[in-house]
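Asks: build me a model from this:
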Amino acid sequence: MMNKILSVENVEKYYGSKGNVVKALDLISFDVFKGEFVGVMGPSGSGKTTLLNTIATIDEVSSGSIYIDNKDLTKITTKDIAKFRRENLGFIFQDFNLLDTLTIQENIALALTINRYKKSEIDAKVRKVASELGIEEILSKYPYETSGGQKQRCACARALITNPKIILADEPTGALDSRSAQLLIEMISGLNKQLGATILMVTHDSFTASYCDRILFIKDGKIFTELVKGANTRKQFFNQILDVVALLGGDIRDVR
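Replies: Below you'll find the model as predicted:
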């Protein structure tokens, strides 16, 4: 039996006040299982980022429930939310979000440091994840001394370090050129395939999405359709994604 990591149940999200209410999410329900790499796509304004923000505990739902490893996020107190986020969620952002005043090692270790792990344990965990991502030689450098690709690897290492239940990736290739974007999505795919990380990724990019096991397409705050890669090659899956993008109006970046 597959282990359910994330369960989104009848989630609604409204913005605005009486007389001017916008429904950003409209009764969305889906599950993500352990070891899955799931993509979320949809036109601008479809609700993708709102959905990710509610799962990330950055935004609150108006109604419905979100469970991570059977814990209802909507029931966690404000006092406990930061701790829950540090211990259960990993994040990969479009612009890396590294702290320039910390070394690469300190950036990767930040969540463990905040959670007061022993220094010896932190060092061992950082070395292990740095080795897996091939960045051992830059641990003592600062972000400004490293390349874009090395910063990406650092961001992936930081997302992995706490062994999170799920990694949330928000347009991770959005600010990169084609070559860097391909290297990053291959790295994220590697986290999933080789290390068993469970990943939910919002993306506009069909090429990036073709690395996923499954894509949820969102339109007007609702799930429009779902594509499962199954036995298809990545190229076949890419073409299927393009077909759905065309149906949705083609205003997602679909050409690389």
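Asks: in the longest helix belonging to the chain, what counts as buried?
Replies: Counting residues, the longest helix found in the chain (DSSP state H) is helix 178-193. Judged by neighbour count using 16 or more other Cβ atoms under 10 Å, the buried positions of helix 178-193 are 181-185, 187-189, 191-192. Backbone N, C-alpha and C define where each C-beta goes, glycine included.
Asks: what about it, average pLDDT?
Replies: The average of the pLDDT scores along helix 178-193 is 84.
Asks: which strands and helices lie in contact with that helix?
Replies: When contacts are defined as 3 or more Cβ pairs under 8 Å, 6 or more residues apart in numbering; DSSP states H and E, helix 178-193 packs onto strand 37-41, helix 148-160, strand 199-202, helix 206-209.
Asks: show me where the stretch 51-200 of the chain has its strands.
Replies: For the stretch 51-200 of the chain, strands defined by DSSP state E, counting those that start in this stretch occupy the ranges 63-68, 71-72, 89-92, 166-170, 199-202.
Asks: closest to residue 45 out of those strands?
Replies: Across the strands of the stretch 51-200 of the chain, residue 45 has its closest neighbour in strand 199-202 (13.2 Å, Cβ to Cβ).
Asks: which other helices and strands does the closest one contact?
Replies: Helices and strands touching strand 199-202, by 3+ Cβ pairs under 8 Å, 6+ apart, are strand 37-41, helix 48-55, strand 166-170, helix 178-193.
Asks: using TSV, please lay out the helices and strands packed on helix 178-193 together with distance to residue 167, mean neighbour count and mean pLDDT.
Replies: What follows is the helices and strands packed on helix 178-193, written out as TSV (distance: least, Cβ to Cβ, whole Å; neighbours: other Cβ atoms under 10 Å; pLDDT from 0 to 100):
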stretch	distance to residue 167	mean neighbour count	mean pLDDT
strand 37-41	9	24	95
helix 148-160	5	23	84
strand 199-202	5	25	94
helix 206-209	15	24	92
